[in-house]
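Peer 1: Provided below for reference: sequence and predicted model.
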Amino acid sequence: MKLLRPIFLAVVLFGAGTLVFSSLPLHYQNAIRDWYARLGTPTYAESPDHFSARDQAAVISENQARGHKLKCYGNLGPAERVTAQNDYLCSAHISKAYDNIPARLVTFFFTKNKLSNVRIEFADGSFDQLQDYLTRKLENYPRLDQMPGARFGTDAFGKKLVVWRVQNGLLTAQAEATPGQNPIILWSGYQ
């Protein structure tokens, strides 16, 4: 009898939680699922200035060996690509990146079995930490957006972009924070 009480209580609480969760607006449900998926994930540590056009199988294997649970697929739709040439992607939830900066997701884009783009999405409110890290980490690389006549446009929210030429491509980030939006960095390999 004593054993049945905790089991009954657990079932009631689980049922109530499920009922409350399913009545939440969809964006809150997605935020909760996203938070749960990031629990216990390893910190993403590959330096943004060391990305290169490595073989797809090697990138997948290296990240799985680091403990990242990758979700990979091809047959990409237009909204799932960085460039029209991307034909495969792998993504993994992450909780932190680099200097313990709160992060959400890393996505690797491939073109003809070679890494062509890497997109890292950080958590809302981590813009200042990310900018501090990028400023220190990339201080020896040229800032292309500061070159005379340079025009790299803006992000989807009208904020200017910061662009560095790194060893094997370009690294792009927002120049200023957009309240309520997650900061993103994008590495694009040379074509």
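Peer 2: Yes, it's here.
Peer 1: Put the alpha carbons of the strand ranked longest in the chain into CSV.
Peer 2: In the chain, with assignment by DSSP state E, the single longest strand is strand 101-111. Taking C-alpha atoms only, strand 101-111 is exported to CSV below (Å, rounded to 0.1, in the frame of the first residue of the first chain):
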residue,chain,number,x,y,z
ILE,A,101,29.2,31.4,-23.7
PRO,A,102,25.6,30.1,-23.5
ALA,A,103,24.8,28.5,-26.8
ARG,A,104,22.0,26.6,-28.5
LEU,A,105,22.9,24.9,-31.8
VAL,A,106,25.8,24.2,-34.1
THR,A,107,25.0,23.3,-37.8
PHE,A,108,27.4,22.0,-40.3
PHE,A,109,26.6,22.5,-44.0
PHE,A,110,28.2,20.4,-46.7
THR,A,111,28.6,20.7,-50.4
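Peer 1: how about the helix or strand just after it: buried residues?
Peer 2: Later in the chain than strand 101-111, the nearest helix or strand by DSSP states H and E is strand 114-122. For strand 114-122, a neighbour-count test (16 or more other Cβ atoms under 10 Å) marks Leu115, Ser116, Asn117, Val118, Arg119, Ile120, Glu121, Phe122 as buried. In short, each C-beta sits where N, CA and C put it, glycine included.
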